[in-house]
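**Student:** Please find the sequence and the predicted model below.
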Amino acid sequence: MHLTESVEGTLREVHLCGKCARKTGVLPKPPELGLDAVLDSLIVTHVGELVGELAQRTCPDCGLKFMEFRIGGRLGCPNDYEVFRPGLVPLMRRAHGASRHVGKVPARRRPEAAGRLRLRAQLRDAIAREDYEQAALLRDRLRPKDTPT
Amino acid sequence: MTFDDLTRTSGEWLRGTGPESDIVMCSRIRLARNLADFPFMSRASRGEKAEIEETIKRTLPKVDGDLHYVDVQTLSPLERQFLVERQLISRELAASEGPRGVAFGTRENMAVMVNEEDHLRIQVMLSGLSLPDVWDQINHLDDQLEEHLDFAFNGQLGYLTACPTNVGTGIRVGVMLHLPALVQTKQIDKVFRALQKINLAVRGLYGEGTQAFGDFYQISNQQTLGKSETELIRNLSDVVPQIITYERTARQAMVNERRQHLHDQVSRAYGVLKTAHTISSEETMLLLSSVRMGINLGLIDDLEIPTVNELFIHTQPAHLQKVHGAPLEVDERNVARASYLRSRLGTDRTEA
């Protein structure tokens, strides 16, 4: 490669091979082949490096990947706000100019809900595996205590 | 309550009362809520969506408001469209699939959509500029629902929603404004640009992406995190009176400078609506908008605002077809619309 750059009015000629040009950042690196790599490289290009690392992170409760959220724009469950926090905080700052809630707070909170969310994830897995015995056990655990069986 | 009953009534928010109701058609607040122990809609299985619906349906009789649940899944496309036209459900809820529905009272100022983008979308609407009253009502409804339901909530982020643009308060505070003079004097874009600068959204009568029709515009907050509900309500309440002043000034200028021209425009609009034998939805909205402004300026004295408000809704496609009792093609609808308008406005008018 032959480049001429102008620095404060002085012309400077640079001669580089393709490899060195990529190393110095004059030429962009070609994306690796393979769909995953292409997707990752697209995301890094459009959304930034952090997302590249985050993209494969998967929520254990709903199975959503951060990359899928970036494409679809919708989160999969309440736990995603924890799992994808580093990716969501800049987004919320941009949308709201804030990252902390100052409004209404429920009069009472029941912490056991998060456990039930996890049980439901296990139930979905069990059904997908056709493990109906396990599914029945999980259903029993999920059944509200005030509901007649 | 059946669909036939609904065709004979209209929502209380159309009655044209309340402060500034010549310009502010209604004030509306909606809250987005999700059950803490279920995935959001995009990840919920059909079975889970049915469970969410069942859980919410079981709770509704325990709250005030005498809310009746309508299973949207079993409705015909025409009936869904009817509820959209009435502002009781969103176009998204009408178009989506799976277990979902809406609960509303006979006065139609309270509605709870189930399994829309979030598990619950709670809405309260009142006629005129009355956001603090709307907030009191919806906050009370939300409190009552919360006694029986576990909403997804996080100490730092507030109410958790399927889309992070609604997280925190989950609130959308909106007013629907009738701004014909700002449209006619071509000042409306200037107003919109100013509103966008202060982070307020402007939409048409039927929400996101719909064209403003009949010169109706909804103005609402976009920020939901980092400010309290009352602050967000105050932000909007501070801005709306300024827009009302602009609209009144524009109307007054039209009266002062071109009174005859304005009177002519309004009278012709009224004349066409009273006598046409076929008329499109677009033309109807345009003419009703002129007539509505004409009444407010004292240029028409034999017609009430609530009637005009109601006609904006009742002349829409699904309403006409429901009243008619059978599906109608576009041409047939235009004839049915003109006939309906004559029956409500013409010399042979029969008060509905």
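**Tutor:** Perfect, thanks for sending it. Numbering: from 1, shown residues only, chains lettered A, B, ... in the order given.
**Student:** how much space between B:I171 and B:Y246?
**Tutor:** For B:I171, the distance to B:Y246 equals 26 Å [Cβ to Cβ, to the nearest Å]. In this view, the C-beta of every residue, glycine as well, is placed from N, C-alpha and C.
**Student:** quick one: buried residues of the lowest-mean-pLDDT helix or strand in chain B?
**Tutor:** Across the helices and strands of chain B, mean confidence by mean pLDDT, DSSP states H and E is lowest for helix B:3-8: a mean of 82. For helix B:3-8, a neighbour-count test (16 or more other Cβ atoms under 10 Å in any protein chain shown) marks B:6-7 as buried.
**Student:** counting contacts, what elements does the helix or strand following it pack onto?
**Tutor:** Following helix B:3-8 in sequence order, the next helix or strand is strand B:24-33 (DSSP states H and E). Packed against strand B:24-33 by the contact rule (3 or more Cβ pairs under 8 Å, 6 or more residues apart in numbering or on different chains; DSSP states H and E) you find strand B:120-127, helix B:131-148, strand B:158-159, strand B:171-178, helix B:229-275.
**Student:** one more time with 10 Å
**Tutor:** In this structure, strand B:24-33 makes packing contacts with strand B:110-114, strand B:120-127, helix B:131-148, strand B:158-159, strand B:171-178, strand B:216-221, helix B:229-275, helix B:305-314, judged by 3 or more Cβ pairs under 10 Å, 6 or more residues apart in numbering or on different chains; DSSP states H and E.
**Student:** B:I171 and B:Y246: which is more packed in?
**Tutor:** Per other Cβ atoms under 10 Å in any protein chain shown, whichever of B:I171 and B:Y246 has more neighbours is B:I171, with 29 against 20.
**Student:** In stretch B:169-187, which residues are buried?
**Tutor:** Across stretch B:169-187, burial judged by 16+ other Cβ under 10 Å covers B:169-184, B:187.
**Student:** Whichever residue of chain A sits closest to chain B: how many residues sit nearby?
**Tutor:** Nearest residue of chain A to chain B, counting by Cβ to the nearest Cβ: A:A98, 2.3 Å away. Here the count is done by other Cβ under 10 Å, and A:A98 has 15 residues near it.
**Student:** secondary structure class for it?
**Tutor:** Under DSSP: H, G, I helix; E, B strand; the rest coil, A:A98 falls in the coil class.
**Student:** And the closest residue to it other than its chain neighbours, its phi and psi?
**Tutor:** The shortest distance from A:A98 to any non-neighbouring residue, by Cβ to Cβ, 6 or more residues apart in numbering or on different chains, is to B:G226 (2.3 Å). The phi and psi values for B:G226, taken as degrees, to the nearest 10, are phi 90, psi -10.
**Student:** Provide a list of residues in contact with B:G226.
**Tutor:** Neighbour list for B:G226: A:92-93, A:96-103, B:158, B:168-169, B:232 [criterion: Cβ atoms under 10 Å, 6 or more residues apart in numbering or on different chains].
**Student:** for chain B, what are the low-confidence residue spans?
**Tutor:** Scanning chain B for pLDDT under 70 picks out the ranges B:1, B:206-212, B:347-352.
**Student:** By proximity to chain A, which residue of it wins?
**Tutor:** Residue nearest to chain A within chain B (Cβ to the nearest Cβ): B:G226, separated by 2.3 Å.
**Student:** Distance of that residue relative to B:L232?
**Tutor:** Taken as Cβ to Cβ, the span from B:G226 to B:L232 is 10 Å.
**Student:** can you check B:P306 too?
**Tutor:** As defined by Cβ to Cβ, B:P306 lies at a distance of 30 Å from B:L232.
**Student:** The two: which has the busier surroundings?
**Tutor:** B:L232 (25 against 15).
**Student:** isn't the more buried one right up against B:V239?
**Tutor:** No: in this structure, B:L232 is not within contact of B:V239 by Cβ atoms under 10 Å, at 11.5 Å.
**Student:** Where does the prediction get shaky in chain A?
**Tutor:** A:1-34, A:36, A:39-52, A:144-149.
**Student:** what helices or strands is the lengthiest helix in it leaning on?
**Tutor:** In terms of residue count, the longest helix belonging to chain A (DSSP state H) is helix A:113-128. Applying 3+ Cβ pairs under 10 Å, 6+ apart, we find helix A:113-128 packed against helix A:132-142, helix B:46-59.
**Student:** how about 6 Å then?
**Tutor:** In terms of contacts (3 or more Cβ pairs under 6 Å, 6 or more residues apart in numbering or on different chains; DSSP states H and E), helix A:113-128 is packed against helix A:132-142.
**Student:** CA atoms of the helix it packs on as PDB?
**Tutor:** Extracted as PDB, the C-alpha positions of helix A:132-142 are listed here (Å, rounded to 0.1, in the frame of the first residue of the first chain):
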ATOM      1  CA  TYR A 132     -43.200 -35.100  32.400                       C
ATOM      2  CA  GLU A 133     -42.500 -36.500  35.800                       C
ATOM      3  CA  GLN A 134     -40.200 -33.600  36.600                       C
ATOM      4  CA  ALA A 135     -42.700 -31.200  35.000                       C
ATOM      5  CA  ALA A 136     -45.500 -32.500  37.300                       C
ATOM      6  CA  LEU A 137     -43.300 -32.000  40.300                       C
ATOM      7  CA  LEU A 138     -42.500 -28.500  39.300                       C
ATOM      8  CA  ARG A 139     -46.100 -27.700  38.600                       C
ATOM      9  CA  ASP A 140     -47.000 -28.800  42.100                       C
ATOM     10  CA  ARG A 141     -44.300 -26.400  43.500                       C
ATOM     11  CA  LEU A 142     -45.700 -23.600  41.400                       C
END
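**Student:** With that, I have no additional questions.
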